[in-house]
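Asks: give me a 3D structure for the following:
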Amino acid sequence: MQGRNLLIVGVAVFLGLIAVYLANAYFTGLEDQQEAIAEEQQLARIVVATQDVGFGQPLTNTNIRLANWPADAVPQGAFTSLEQAMMGGRVALRPIVPGEPILASKVSGENGRATLASILPEDMRAVSIPINEVSGVGGFVRPGDVVDVMLTRQIPGEGTQQFDKMTTVALENVLVLGIDQVADENNTQPVVSKTATLQTDIFGAQKLALAREIGTLSLALRNVENQEVGATETVVANDLGGAGRYIYRRTGPTGPAVAGPSYSPAPASVTPGPRQASAPARPRGPTMSVVRGTDAETYAVEALRGY
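Replies: Numbering: from 1, shown residues only. Okay, the predicted model is just below:
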């Protein structure tokens, strides 16, 4: 019985080795076939993603492969071998979708790591500003979006009151690099956050740093295809409507001040009309009415003394 079991195990191992050999031969032949097709059709072999590769995820044999690509349309920075693409433990610096070429600009160098500084253009800066559920568009602003930054602050000058404020657009068409500590553009779920990290030039970074100190910042989400800038104006309270309306307070005869209704401004001057004669004073005490035809007259009656 024991010898029979050993024989079965040996046969199974032999069949397994044959299956591995055939699989390797098949995939090797398939690879050679693809290379032959590429040479025949003047195609290049470059490395592409086989699945979604998120920010900071390393490149491995399971998420990249070689694919045929038109030789005259190979993107700059493309890798031509899997070993070159995975050399030194490269990681993705930007989200990569299936079928997308793996480019040197989208992955780190050898022994690299995914840092925000590594994906910034040379002349740009990353600046963070505080946001909340309102100023952050309800949590719908996510990494990769484009926003305008609005600043609401006090109108300068003597005699201004607390509600004398204005809103200006501090920066337009700004790329959002991260929300809180999330920089993955594939993470599109709305989340209420506390900070937004924006990409801007050095002058824009200075403007944001100053704006944080003198007012309240808000984000306005915009279409990524809308590149128009410059068509903005300063908004003040009168732009909200109701200009010229006001509330006045009057003092009652026996009570405290009473809020009156809303009025438009009164005319600059009012010409008084002719003064009307005052009505005769009504007699006090007992009276007597005397009727003569259709006319009636009322007389005051003085009380007789001594009665």
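Asks: what's the burial count for the closest residue to residue 218 other than its chain neighbours?
Replies: Nearest residue to residue 218 in three dimensions, chain neighbours excluded: residue 135, at 4.1 Å (C-beta to C-beta, 6 or more residues apart in numbering). Any C-beta I mention is one placed from the backbone N, CA and C, and that applies to glycine too. Residue 135 is flanked by 19 other residues according to other C-beta atoms under 10 Å.
Asks: now do the same contact list for residue 135.
Replies: 216-219 (C-beta atoms under 8 Å, 6 or more residues apart in numbering).
Asks: average pLDDT for the lengthiest strand in the chain?
Replies: Criterion DSSP state E: the longest strand present in the chain is strand 165-179. The pLDDT scores in strand 165-179 average 92.
Asks: mind listing what's buried in that strand?
Replies: Buried residues in strand 165-179, defined by neighbour count with 16 or more other C-beta atoms under 10 Å: 165-167, 169-172, 174-179.
Asks: can you give me the pLDDT of the residue nearest to residue 218?
Replies: 86.
Asks: quick revisit: of the contacts of residue 135, which is the nearest to residue 108?
Replies: Nearest to residue 108 out of the contacts of residue 135 is residue 219 (C-beta to C-beta; 29.5 Å).
Asks: would you agree residue 93 is in contact with residue 109?
Replies: No. The pair residue 93 and residue 109 fails to qualify as a contact (C-beta atoms under 8 Å) at a distance of 10.0 Å.
Asks: those two: which has the busier surroundings?
Replies: Higher neighbour count among residue 93 and residue 109: residue 93, with 23 against 14, using other C-beta under 10 Å.
Asks: quick check: closest non-adjacent residue to that one.
Replies: Closest residue to residue 93 apart from its sequence neighbours, by C-beta to C-beta, 6+ apart: residue 119 at 4.8 Å.
Asks: thought the one you found was touching residue 91?
Replies: No. Using C-beta under 8 Å, residue 119 is not in contact with residue 91; the gap is 11.6 Å.
Asks: what about the strands in the stretch 1-150 of the chain?
Replies: 43-49, 64-70, 125-130, 146-154 (DSSP state E, counting those that start in this stretch).
Asks: strand partners (parallel or antiparallel) of the longest one?
Replies: Spelled out, it's strand 146-154. strand 165-179 (antiparallel), strand 216-222 (antiparallel) (DSSP bridges).
Asks: contacting residues around that strand?
Replies: With C-beta under 8 Å, 6+ apart as the criterion, strand 146-154 contacts 129, 137, 141, 160, 164-176, 196, 198, 208, 211, 214-224, 226.
Asks: quick one, helices of the stretch 151-300 of the chain?
Replies: 202-214 (DSSP state H, counting those that start in this stretch).
Asks: which residues of it score low on pLDDT?
Replies: Within the stretch 151-300 of the chain, the segments meeting pLDDT under 70 span 183-188, 248-291, 293-294, 299-300.
Asks: pop the domain breakdown of the chain in here.
Replies: The chain breaks down into these domains under automatic domain parsing: 2-106, 120-239.
Asks: could these be laid out in TSV, adding distance to residue 297?
Replies: Converted to TSV, those look like this (distance: least, C-beta to C-beta, whole Å):
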stretch	distance to residue 297
domain 2-106	103
domain 120-239	62
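Asks: okay, now residue 80: neighbour count?
Replies: Count around residue 80 with other C-beta under 10 Å applied: 14.
Asks: just use 169 as the starting number from now, easier for me
Replies: With the count now opening at 169, the last piece we talked about shows up as residue 248.
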